[in-house]
Structures are given as structure tokens and as C-alpha cells.
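In: heads up, no residue letters with this:
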């Protein structure tokens, strides 16, 4: 926890919230249309919720809210939470802004959640007249190596010293006893989620920050080479490009992809890495068998500078075990849309713990299917991984005999599909590539559109990493997509795209991404429908895709 004093009205929910994609950093309004707080402003209020969920970029949103005076008065959680805690920690460490963060046991949290107002001091939380003692702020003694201590010393470069202070402070929050070496880092903080991301990166760069490990970069917020020609306003394009450039100058590779597992050099089973970006973390742990905590934005750069990460969470063996089983009723003949749908519902069924999904092996999910499942799971769960019986490498033996068993029924799948697919039949925009499209996904779209031409009133946009686009160009897939009227954009992803690259005239969007179906309405202000790849192709070529269940769910 982080100490401090605060007071305010209590805003409580039993449902976690992703600040990135869920809260507008400009005014503190909740924009997640799926959350009970939708439309509420969180500024000046004491937020009480189980944890955060979703994107690692929430730390940047919280920091920006703190810098512009629109932050919550305090954050109170009933369970472990890293992303928003790190944002509050950076606000205090680098900008001198105090934002208390507390974790309460269940009975105390329930008292707060039923209260209308509370006051927080260094030693007490008073909720509607009921006093709850607060223990001292976390000050765990880390067993630091000589190298660790040297990075904290006066002879260390200022950026190294600052980065190490943040790593150690976060280790204390996580209850880690020591730090470990990691082999590679993936930076998520290069998305221009708010001006705070730029302030953090440029501050560390001015202090002499340089990465010491192989470090890849997430998708950014502009097409780095073409944003001016695309008409992006300089007021947005300049700082977004500056942010990307700052990370590149600090030694990060300009990979600009939210799917680093598609790059050469993807981690091996058991390899300790330090990745941010929720879908990438979940895929790395679950499918690749690598090991990484879901590191918040800002901590990723600090780890890349120091080469050290707190030994906590799923770096350990016991922490990777499943907390529950989820039996899935897989419909016969289920198509591509089943996988993000299952991931989304699995996250709701296990919002704060690692599940074991059962009943899916006969569906023979591909890497692309697992990519979609992991990404959708990350929107609705705070967990950094999942297991799939008979599919993922650590599933066997991961579930204890006394673990609870939940279910995702065919009826639940149909209800969720209908809810995510609701909206007008006329479609203006087809969105593919959240996370970034793989080469095989680009081929599948090109095959499905073969011999067909895009409807004049429908934009079809694919976002993909530069490496995938280069491969698609070399084999002719890019030319086939272009011939069908498809635009393929580098550097951006759907969760960072903005007007005018996002077509201003579009009002209804169809996507095959469970992740973007969740975040898209809040981020774009449009109706975003979820559908199959076949639905997307129908909309692309006819301008229409009436809301309906696929045959395998009807």
C-alpha cells in the first residue's frame, strides 16, 4: 500500500475496471460501456473495487489524472493490484504527488463499500463514522545483490538510480524478497495513452536512461512514417511520435507491435522475461510457457534499464496453478469466433485468478485462435495467464482437487455473442487486427475476399506489425488485400487508432476481435459489433451484416 491522507465520497463496485480504455484521462469519466460506473466521473472520489483489470497502460492513465488534478482521492482494493499502484507510485516518486493506495481485508472492505463518505489518514480509515485501523506502509526488506545496491548508489547514473528505486518500491508492494534477472523486455508505455506517458519517458531519457536488455516496443499511436500525410493533427501526432522516438533513442527496437510473440526471438518455455501489454503477457505465460508478471507501464522501462525485476507472482511455480476449473460446452462445428468469445467469458468467470479451461482440446485451436482467446480473456480478467487442458504446456496437474468448477454453457455463449453483436445491420467499417494480425490471418482475409471488391461505403482496415507486413508484401498477400480494397496499417493497433485514420464518417464497426469489441465502444464512441470473419467479409463487400448468431450457436 501507499500511505497518505485523503477524503471523499465512496464509489464502490464489485467489478474491476481497466483505467486504459475504461477511463477518459482528460476528464476522469468512465467510458467502459460494459462497467457499472459507465458515465461516472472518478475525480476526487475514493474508489473501492476488488482490483484493476485489462490493460497494463492503466498506470499511465492514472498518472495523467494525477498530473492534471482529476485523479481519485484514493484507491482501495480488496485484493492484489499492480497497475494502478505503480501509477500512484510513479506520481509520488517522480512528480511529488501523493495518492493513497490501500488494500483492506474483506470485512473492512465491505464496510467501506457500504459507506457514502470516508476519510483516510496515515493510521486510520473512517467510513461513515466507523474507524478502521491502517497498518504501516509497505517497507519490505529486499535481499539486494551488490549490483542492485550499486544501481541505488550515488555513483550510478541518475536514470539507473531512479529506475532502480521504482523497481524496489514495486517489489515491496508485491511482497517480493529479492530481484531476478530477465532476458528480454516488451515496452507497453510507448502508446500515447496520455501526456503522462511522454513526460515519464522524456524525463528518464534526459536523466540518461538506456536499456540494457533486448527490448521490443508495443504498437504506438500513429503510423510513424505517414501520420502527417494521413492528416493526423500535429497536436496529437507530434507528441505521439516524440514518445516513440524517446524509447528508440533509449535503445528499444522499433518493432511497434502488440503481438511480440510473432517476432523472431520469442521466448522459450521457462524463460524469465518482463513483458507488458495484457494480451502479450497472457499469451507468453499460457501458450509459450515463458514466465512474466503482467508488468504495468513505466515499470517495463525501469526493468529494461536495470535488467532486474521483482521475484513475484507467476515467476514462481505455485503461483501458476489454476484457482478454478471452467468446463466449456464447445458447440459442434464452432468457427473462428468461438475462441475470443470463450476467452471473454472465461475472464468473467475467473476475474482475478488463473483458470483451467476444459473441453476445448477437440476444437484443435491454432496459434491464431489462442491469440484471440488470450486477448479477450485479458479484457475481463486481471489474471496474467490461463491453462487449457490438452492444449497449453502447463495445464496438466495445474488444478487442485478442491478447486471450484464453473461452467460456460452453450446458452451463455449464445447470450454473450448476441450481446456483443448487437447493433445496426449497416456497417461502415471493418476492423481486423486486435491484437495485430498474423501473416496467416492476413492470408485468411485475402482468401475470403478473393474475387470480391470492397463496398464503396465500407472501409476495411487491418493493423499489423511491420515484420508481418514485410512478409505479406514479399509473398504477394499484401497486393491481394490491396486489390480487394483493404488498407493495411503499420505501427498502430485498433486500441490506439484515432481520427482521421479511424474514418470519421464511420458509425458502426464490425470486428472479429473480442478485445476490440470490449474496448472499442468506449475508445471510439461508435457502435462496435463482434462477428465472425465471414460476417466481416460480408459487411466489407455488401455494406451489411445483420446481427445474428452463427449456425453453430443458433
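Out: Ah, there it is. Owing to the predicted nature of the structure, the values given are computational and were not obtained by experimental measurement.
In: what about residue 345, which SS state?
Out: helix (DSSP: H, G, I helix; E, B strand; the rest coil).
In: hmm, residue 413 and it touching each other?
Out: Yes: the pair residue 345 and residue 413 qualifies as a contact (Cβ atoms under 8 Å) at a distance of 7.0 Å. Using the backbone N, CA and C atoms, a C-beta is placed for each residue, glycine as well.
In: nearest residue to residue 373 in space, ignoring adjacent ones along the chain?
Out: residue 343 (3.7 Å; Cβ to Cβ, 6 or more residues apart in numbering).
In: ok, that neighbour to residue 184 distance?
Out: As judged by Cβ to Cβ, to the nearest Å, residue 343 and residue 184 stand 25 Å apart.
In: can you point out the buried residues in stretch 168-188?
Out: Within stretch 168-188, the residues that qualify as buried are 168-174, 176, 179, 182, 184-188, counting by 16 or more other Cβ atoms under 10 Å.
In: mind listing what residue 439 touches?
Out: 468, 471, 472, 477 (Cβ atoms under 8 Å, 6 or more residues apart in numbering).
In: what of residue 552?
Out: By Cβ under 8 Å, 6+ apart, the neighbours of residue 552 are 331, 332, 333, 334, 335, 338.
In: what sits against the fifth one?
Out: Okay, so that is residue 335. 532, 533, 534, 550, 552.
In: now the strands: where do they sit in the stretch 351-500 of the chain?
Out: With DSSP state E, counting those that start in this stretch as the criterion, the stretch 351-500 of the chain has strands at 355-358, 387-388, 405-408, 429-437, 459-464, 486-489.
In: for residue 257, find the nearest of the ones you listed.
Out: strand 429-437 (5.1 Å; Cβ to Cβ).
In: now the closest residue to residue 261 other than its chain neighbours, what's its secondary structure?
Out: Leaving out its chain neighbours, the residue that sits closest to residue 261 by Cβ to Cβ, 6+ apart is residue 283, at 5.2 Å. Following three-state DSSP, residue 283 is assigned to helix.
In: confidence score at the residue nearest to residue 381 when sequence neighbours are not counted?
Out: Leaving aside its chain neighbours, residue 381 sits nearest to residue 347 (3.5 Å; criterion: Cβ to Cβ, 6+ apart). Per-residue confidence (pLDDT) for residue 347: 97.
In: please apply the same query to residue 103.
Out: 92.
In: how close does it get to residue 302?
Out: Distance, residue 103 to residue 302, using Cβ to Cβ: 22 Å.
In: who's more crowded, the two?
Out: Comparing residue 103 with residue 302 by neighbour count (other Cβ atoms under 10 Å), the higher total belongs to residue 302, at 29 against 19.
In: what helix or strand does that one sit in?
Out: helix 299-306 (DSSP states H and E).
In: sketch out the low-pLDDT regions of this structure for me.
Out: 136-140 (pLDDT under 70).
In: was I right to think residue 433 contacts residue 460?
Out: No: using Cβ under 8 Å as the test, residue 433 is too far from residue 460 to be in contact (10.8 Å).
In: pull the number of nearby residues for residue 216.
Out: Residue 216, neighbours per other Cβ under 10 Å, totals 22.
In: my guess is the residue nearest to residue 373 contacts residue 369. True?
Out: No: taking contacts as Cβ under 8 Å, residue 343 lies outside contact range of residue 369: 9.6 Å.
In: between the two, tell me which one has more neighbours.
Out: residue 343 (28 against 19).
In: just flag the most distant two among the contacts of residue 335.
Out: 533 and 552 (13.6 Å).
In: mind checking how far residue 281 is from residue 324?
Out: 20 Å.
In: does the spatially closest residue to residue 1 that is not a sequence neighbour count as helix, strand or coil?
Out: Nearest residue to residue 1, sequence neighbours excluded (Cβ to Cβ, 6+ apart): residue 102, at 5.1 Å. With three-state DSSP as the basis, residue 102 sits in strand.
In: what is the burial count for residue 102?
Out: By other Cβ under 10 Å, neighbour count at residue 102 equals 25.
In: give me the secondary structure label for the residue nearest to residue 425 when sequence neighbours are not counted.
Out: Using Cβ to Cβ, 6+ apart and skipping residues adjacent in sequence, the residue nearest residue 425 is residue 546, 4.3 Å away. Three-state call for residue 546 (three-state DSSP): coil.
In: in the stretch 251-400 of the chain, which spans are helices?
Out: 278-283, 299-306, 338-349, 367-380 (DSSP state H, counting those that start in this stretch).
In: and the stretch 1-150 of the chain, by the same measure?
Out: Using DSSP H, counting those that start in this stretch, helices in the stretch 1-150 of the chain cover 58-67, 83-95, 106-113, 146-152.
In: so which of these gets nearest residue 312?
Out: Relative to residue 312, the nearest member of these by Cβ to Cβ is helix 83-95, separated by 12.4 Å.
In: which other helices and strands contact that closest one?
Out: Here helix 83-95 touches helix 58-67, strand 74-77, strand 101-103, helix 158-174, helix 195-206, going by 3 or more Cβ pairs under 8 Å, 6 or more residues apart in numbering; DSSP states H and E.
In: buried set for it?
Out: Neighbour-count burial for helix 83-95 [16+ other Cβ under 10 Å]: 83, 84, 85, 86, 87, 88, 89, 90, 91, 92, 94.
In: reformat the contacts of residue 335 as a markdown table; add secondary structure and distance to residue 403.
Out: Formatted as a markdown table, those follow (DSSP: H, G, I helix; E, B strand; the rest coil; distance: Cβ to Cβ, whole Å):
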| residue | secondary structure | distance to residue 403 |
| --- | --- | --- |
| 532 | coil | 33 |
| 533 | helix | 35 |
| 534 | helix | 37 |
| 550 | coil | 32 |
| 552 | coil | 29 |
